[in-house]
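Visitor: The following comprises the amino acid sequence and a computationally predicted model.
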Amino acid sequence: MSDETAMRLLFQLVDVEVDVHEEQAKIGQAQQDEGGPPMPLDNRKVAHIQSLQARALAGRQKTVVFVYQSGGSYSYQAINVIFRPQASIERQIPARDGQPPRPVYDTLMLAPLSTSFVGLVMIADTATATAAAVQGARKYQLIEAVPTGIVPGGTRSYAYLRRLL
């Protein structure tokens, strides 16, 4: 579908009579006034974005332990992340099955982009990377990890976690 057709359909849906060609000219003029289309990101801009991200995360991080399984053995790795518990659910809107709503995830975790989720068994809310410390800590299961950010490939990972009881 062309831009012209899409604009025509959009304006018809909202019952507005507009000359599509005139609107396209206005959009083109606005882009020229603002300096044209957005500039691509070069290596210097990418490094600047990543340094700002690191500064924004500093002081808000906590250390958690990632438990990985490889072969028949477990390994423990302490990683600095940000934990954000899901605070509230809209209780007035029932789930699709008519039951009371349930949270999709318990905690949102912001992790560095370099964090590996391959072979991850669980995440323990403890700063000590030992089996004994993990056993006594709150544990979370990974639902999904999504790289996110302005740079292609992302600048950080959002991981959706479910608390294990």
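Guide: Yep, that arrived.
Visitor: Quick one, grab the pLDDT at residue 56.
Guide: pLDDT, residue 56: 76.
Visitor: residues contacting residue 133?
Guide: For residue 133, the contacting residues are 65, 124, 126-127, by Cβ atoms under 8 Å, 6 or more residues apart in numbering. The way it works is simple: take the backbone N, C-alpha and C, and place the C-beta from them, glycine included.
Visitor: List the contacts of the lengthiest strand in the chain.
Guide: Looking only at the chain and at elements set by DSSP state E, the strand with the highest residue count is strand 73-85. Contacting residues not belonging to strand 73-85 are listed as 57, 60-69, 106-112, 115, 121, 125, 127-131, 134 [Cβ under 8 Å, 6+ apart].
Visitor: tell me the domain ranges of the chain?
Guide: Per automatic domain parsing, the domain ranges recorded for the chain read 3-33, 57-164.
Visitor: if we can go back for a sec, out of the contacts of residue 133, who has the most neighbours?
Guide: Each of the contacts of residue 133 was scored for neighbours by other Cβ atoms under 10 Å, and residue 124 scores highest at 25 neighbours.
Visitor: what's the pLDDT at that one?
Guide: On the pLDDT scale, residue 124 is placed at 95.
Visitor: Repeat that for residue 121.
Guide: The predicted local confidence for residue 121 comes out at a pLDDT of 95.
Visitor: count of neighbours near it?
Guide: Neighbours of residue 121 (other Cβ under 10 Å): 15.
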